[in-house]
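In: Just the structure for this:
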Amino acid sequence: MPTYRYLRDALKLPLAYNPTGEFIFPCIRGVYDKVSGAHSRYYLYYAPHEKPGGICVAGADSLNGPFSEYSHNPIIDNVLPSTTVSHVSSPHVTWDAATRQFFLYFHGENTTTRVARSSDGLSFRDETPILSTRLVPGLSETSYARVFEHALPGRGNKYTMVYMGNNNGRRRIYHGWSPNGWDGWQFAQTPLVNPEPDGLTDVSGPSLVFRNGTVYVAYHGNDGRMRITEVGDAFDRENHLGVFYSPVASDNGRAAAPSFGTDGGVQYMFYEAGARLSARICIARAV
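Out: Purely as a prediction, here's the structure:
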């Protein structure tokens, strides 16, 4: 992993939609080559953690930021077509080239991960539950999911999900797979990454990283630092490689939930900084 250095807070303030004074779980996506007439070259998805949550978008023409709030946030609130939940949060957006649609994954409640789709990255429809605690016995939470194009050998899948599962009070990273990112999801019954080898009690906020001909999971731990573990193309190993980012003073003791992007050959990391109930979205740049 490159060395990342804090650049700036991501969002231009003040924000029109800011019900709780905190935001988590950034997801950065380039839309300039996917959407005609997009508001900006890059969309940054984020959400409050606390009730009522709400999936939000901001835009900028460079990953340097800062990002300007979309005027119609939240784009998904806690009143869903199928139910009303206490909150919705942890947005992750994937572009599905086969259908030319964006798939947005999010949780609400913490026991259920859902997906919705959109042709413009702003107006989402067809909200559908795809993962719940009943599908992985022993888990009391199944949330904070990210989905990537990655075929696992022998699974017949195109997309792979990594997410946080709460197993008897310990948060671990689990995975699932789907042929198309929308349905047909199956889920492994055992963890992919465990906290104990890192000397931790909890890990969460996983993101897949593809480098050096192999696959890694980047994630944060309960000590406020972000780590990386090699799992391999087949997700058949758990090689803990240690810390790749420690909080700087402006991170207020905690850095979490990384999302990575590249602009003009420069690598960026968007992340959540600060305590869970007062977090904000920050940008770091590779040096």
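
In: and Gln267, how many neighbours?
Out: 16 (other Cβ atoms under 10 Å). Where C-beta positions appear, they are placed from N, C-alpha and C, glycine not excepted.

In: so which helix or strand takes in it?
Out: Here Gln267, judged by DSSP states H and E, is contained in strand 266-273.

In: how about the CA coordinates for that strand, as CSV?
Out: What follows is strand 266-273, C-alpha atoms only, in CSV (Å, rounded to 0.1, in the frame of the first residue of the first chain):
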residue,chain,number,x,y,z
VAL,A,266,-2.6,10.0,-8.2
GLN,A,267,-4.0,7.6,-5.6
TYR,A,268,-6.5,8.8,-3.0
MET,A,269,-8.2,7.3,0.0
PHE,A,270,-11.5,8.6,1.4
TYR,A,271,-12.1,7.6,5.0
GLU,A,272,-14.1,8.2,8.1
ALA,A,273,-12.3,10.2,10.9
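
In: Run through the strands of the stretch 151-287 of the chain in chain order.
Out: Per DSSP state E, counting those that start in this stretch, the stretch 151-287 of the chain has strands spanning 159-167, 170-178, 186-187, 203-211, 214-221, 226-230, 239-245, 255-263, 266-273, 280-286. These are given in chain order.

In: Out of those strands, which gets nearest to Thr83?
Out: strand 159-167 (20.1 Å; Cβ to Cβ).

In: picking up where we left off before, next, the angle from the strand holding Gln267 to strand 214-221.
Out: Angle, strand 266-273 to strand 214-221, by axes from the mean of the first three to the mean of the last three Cα atoms, to 10 degrees: 30 degrees.

In: On the strand side of things, show who Gly53 bridges to.
Out: Beta bridges link Gly53 to Val88, judged by DSSP bridges.

In: That one: what's it in contact with?
Out: Ala47, Pro74, Asp77, Asn78, His87, Val88, Ser89, Gly108 (Cβ atoms under 8 Å, 6 or more residues apart in numbering).

In: Give me the distance between the fifth one and Phe25.
Out: What it means is His87. His87 sits 12 Å away from Phe25, going by Cβ to Cβ, to the nearest Å.

In: Touching both of these two, which residues are there?
Out: His49.

In: of those two, who's got more company?
Out: Neighbour totals were compared for His87 and Phe25, and Phe25 leads with 30 against 20 (other Cβ under 10 Å).

In: That one in helix, strand or coil?
Out: strand (DSSP: H, G, I helix; E, B strand; the rest coil).

In: what's the closest non-adjacent residue to it?
Out: Nearest residue to Phe25 in three dimensions, chain neighbours excluded: Ser90, at 4.3 Å (Cβ to Cβ, 6 or more residues apart in numbering).

In: again with Val31
Out: With Cβ to Cβ, 6+ apart, the residue lying closest to Val31 is Ala38, at 4.6 Å.

In: how far away is the residue nearest to Arg254 when sequence neighbours are not counted from Phe244?
Out: Leaving out its chain neighbours, the residue that sits closest to Arg254 by Cβ to Cβ, 6+ apart is Gly224, at 3.8 Å. Counting by Cβ to Cβ, the separation of Gly224 from Phe244 is 13 Å.

In: Kindly report the same for Trp185.
Out: 29 Å.

In: List the buried residues for stretch 6-18?
Out: Across stretch 6-18, burial judged by 16 or more other Cβ atoms under 10 Å covers Tyr6, Leu7, Asp9, Ala10, Leu11, Asn18.

In: now do stretch 115-126
Out: In stretch 115-126, counting by 16+ other Cβ under 10 Å, buried: Val115, Ala116, Arg117, Ser118, Asp120, Gly121, Leu122, Phe124.

In: State the distance from Ala257 to Val209.
Out: Taken as Cβ to Cβ, the span from Ala257 to Val209 is 14 Å.
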